[in-house]
Every structure is written in structure tokens, then in C-alpha cells.
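Enquirer: starting from these lines, generate the structure:
(one chain, ligands or ions: 1)
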Amino acid sequence: MLLSLRRSRPAACGLLLSLIALPACAQVTTSAPAPVPVVPATPAVPTTPRPKVLLIATGGTIAGVQNAPGTLGAYRAGTLTAEQIISSVPELARFAQVETEQFSNVASTLVTPEMWVTLAKRINEVLQREDLAGVVVTHGTDRLEETAFFLYLTVRSEKPVVVVGAQRPATGISPDGPINLLAAVRTAASPKAVAKGVMVVMDDRILSARESRKLYQRTGGFSTGDMGMLGVVANQGPEFFFAPVRRFGPRSEFDLAGVDTLPRVELTMSYPGGTGPSFATNPVGVVVATTGMTRAEGQAYRTLRQQGVVVVTSFTSGENVNGGGGDGPPPTPVRDTTVRATATRDTTARAEPAEPPAPPAVTALHLTAGKARILLMVALTRTKDPREIQRIFNEY
Ligand code: DAS
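Expert: Sure thing, here's the model as predicted:
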């Protein structure tokens, strides 16, 4: 039932009411609804050919449905199908011919690295179609930045790939999914988006998948921080101001042919008083988020390196750029052949036995530990040499 304002009201409330003071001055009552202008449900579709975009749906809040629609209540992510999602945004037809494919329909916490591999292979395959301008992947926001970064590393095409989600369910109040989807499709359909790498489009912002992060669970929550946006989806469509310059797309060396699973890489954190991890069975690699390690942590990670585990350090904020990059000579490998001298009471130097050598640790450049883990997993499909992996971290 609709609510309307009763017209007879106290005189003092006249001007005020027409501005802001509705709750104080107006009596709210129910009456027959006023006629509402009829808005055509389907916008005029241009007769000129529109670019083809494939929407690959994986689930998430953008496909979420509530038990009590139109409330702030709980909802089930990954409920609407790809077809249902696009049919709720008729405006899409003005800008693209959208085909759909249902890859999965899950909350993104259920997306696994094996699913990344299958998804990336599928996108690489479909982008070979000459008639396809680009791909949009709909995805839950909880793990959106991870999937997008994996695709950034492994999709070897210049065509636009846009990952998009929503912070409010499709049946909620003011859902952001429809406008995000429209912006994503317009971006994927645009020649301006070619050779920009995999992008995340949320809240009219075009973000590089390398840098995009979910900072909070409200609209506007995706950001690239200091690194800035690539562009904006304005009324007239996507406008780019910047382009990424690191390795991605056709220049990526990561070929997933023959890869079905990714090497096991663990994620750890260094903290005051920390002693470092120990594993029942060693992983192939470890990424540690750290601003600096305790002695015990340093020793624990050194032992892991001695045992052949590739160790990557990432600054806790993900914002640091010191380390293995730059144009200078590569960092001197840690030789660990030093014989340490300990001063004794009678000042005679006594030699301690040398520690066994440890391969160097790898430094992540401006990557969160979560993204460094993904790059390490992908790098380990090609090499286990930490110097070569440092080269990869310097380039991507
Ligand atoms: N947190 C939800 C989302 O924002 C669910 C998910 O990630 O799938 O999409």
C-alpha cells in the first residue's frame, strides 16, 4: 500500500514542510495512490550493429535474492541466473548484444583456485572469437579482487575483460548491481578499453585488476588507493585517463595449457613476538605479510628456504615498493657462507660453524600478500628458482 501526505496541515509547517521537515509536520496516512507516469520498460534499441559482449556469471551478491525483498535483510548470494540478471537491465541492449554463460552460481568464498584456472581458460578460448568485443564476469565481491588478479595474469588477449559485482543484493533497496553491470558492459564493449588489462568496474570507476581492493562492504568500497583509477564510466560511456604499463595480456608468459591445479602456497603474517610458521608438510611456497621480522621468524623462514620452499615477503599494507625491482643490478644473492666470530673473555676470536646456504627470499612490489600469493602460485607453474621468481615479481 502506498503512503501519501495529507494536504491539510498546520500553517507553520507550510514552507518548512515543503523543504525538509516532513516527519515533524506531516501527518502520514494511507489513501489511493496518485497516478504515476508510465515509463517504457524497454529502451529503444539502436538499429546499428552493437558490439557483442559475453557475460560469464559466477554468482555473488549481484545475483543475490532476499527472503524479504526490498529490505535490508539477509539474502542468498548466487541465486539469479545470468539471463535473469541481464533481463533486469534492459538498458544493456542499447550498448551491446549480450550473450550469457553460467559458469557457477555461488558466493565467492566458494570460488577455488581450480575454478580460476577453468575460468581463465574459458575466457582465453572465447576471446579468440572474432565477433566478440569483450567479456564481463559477474562475481561476488568478497573474492572479486583475487579472481580479477588471476585473470589479469593469465588472460592473454588485448580485448577487454571486466569483473563486476554488487554490494547490495538484486532485490535489496537501491541495488547497485544493475548500474555496475551496465557500466561493466559498456566498458567491455568499448574500443577504448582494449589493451588495458583485466579491469574491475564498480561504482562508475574503472580500476586495474592489479591494484583493485575491496576496502569495505558498502557501495564505493572498491579502490586502488594511491595508484588511482584507469578511468570513469560517464554518461557518454567509458573515459580512460591512464593505462597500466606492467606485463599482462598478450605479453604475459603464463600459459595455462596443461595446468589444472596450482601449487600449494600458504599465507602467513609476521607479528611482535612471532616465531614463524611450521608446517606438517611443507608447501611449495609461502607468502609472509611483514613490515620486518623477529629473529625467530627470520630463522623460521630461512629454514623453509633451506628446505626448498619459495618464500615471498610482502609489506603488510601491500603498498611498499622497496625490494627486488628497479633498473639497477639484481640484489646480491645471500651467500650465507659467513663465519661469525664471537668475542670471548680473553678477546680471542672463536669461529662458529657456517650456516648452510639458503636461497634468497623474493620481495613483492606493491602487492598485498593475498595477491602476491596468486602471483607466486602462477609463477611456480613455470619455475621454482627464487631469482627467476623475483624477476617475475619485478615485471608483473
Ligand atoms: N559478499 C557477497 C558479495 O558481495 C557475497 C559474495 O562475495 O559472493 O558478493
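Enquirer: and the helices in the stretch 101-250 of the chain?
Expert: 113-126, 144-154, 177-188 (DSSP state H, counting those that start in this stretch).
Enquirer: what about stretch 247-256, average pLDDT?
Expert: Stretch 247-256 carries an average pLDDT of 97.
Enquirer: what do you get for stretch 375-390?
Expert: 98.
Enquirer: and the end-to-end length of that stretch?
Expert: One end of stretch 375-390 sits 11 Å from the other (Cα to Cα, to the nearest Å).
Enquirer: please name the bridge partners of the closest residue to Val265 other than its chain neighbours.
Expert: Nearest non-adjacent residue to Val265, counting by Cβ to Cβ, 6 or more residues apart in numbering: Gly285, 4.2 Å away. Any C-beta I mention is one placed from the backbone N, CA and C, and that applies to glycine too. Judged by DSSP bridges, the bridge partners of Gly285 are Val265, Val310.
Enquirer: can you tell me how far Gly285 is from Leu380?
Expert: 6 Å (Cβ to Cβ, to the nearest Å).
Enquirer: more neighbours, these two?
Expert: Per other Cβ atoms under 10 Å, whichever of Gly285 and Leu380 has more neighbours is Gly285, with 25 against 19.
Enquirer: what is the neighbour count of Asn235?
Expert: By other Cβ under 10 Å, 5 other residues sit near Asn235.
Enquirer: from the ligand, how far off is it?
Expert: Distance, Asn235 to the ligand, by Cβ to the nearest ligand atom, to the nearest Å: 26 Å.
Enquirer: can you pull the pLDDT of that residue?
Expert: Here, the pLDDT recorded for Asn235 equals 96.
Enquirer: what are the phi and psi angles of it?
Expert: Note on Asn235: backbone dihedrals following degrees, to the nearest 10 are phi -60, psi -40.
Enquirer: and the residue in the stretch 151-300 of the chain positioned nearest to the ligand, what does it touch?
Expert: Nearest residue of the stretch 151-300 of the chain to the ligand: Gly165, at 5.1 Å (Cβ to the nearest ligand atom). Gly165 sits next to 60-62, 108, 138-141, 144, 177, 180, 202 when contact means Cβ atoms under 8 Å, 6 or more residues apart in numbering.
Enquirer: highest neighbour count among those residues?
Expert: Highest count within the contacts of Gly165 by other Cβ under 10 Å belongs to His139, 33 neighbours.
Enquirer: wait, isn't it in contact with Ser108?
Expert: Yes. Under the criterion of Cβ atoms under 8 Å, His139 is in contact with Ser108, at a separation of 5.8 Å.
Enquirer: which ones are touching the residue of the stretch 51-200 of the chain at minimum distance from the ligand?
Expert: Across the stretch 51-200 of the chain, the shortest distance to the ligand (Cβ to the nearest ligand atom) belongs to Gly140, at 1.9 Å. With contact taken as Cβ under 8 Å, 6+ apart, Gly140 is in contact with 58-62, 77-78, 106-109, 111, 165.
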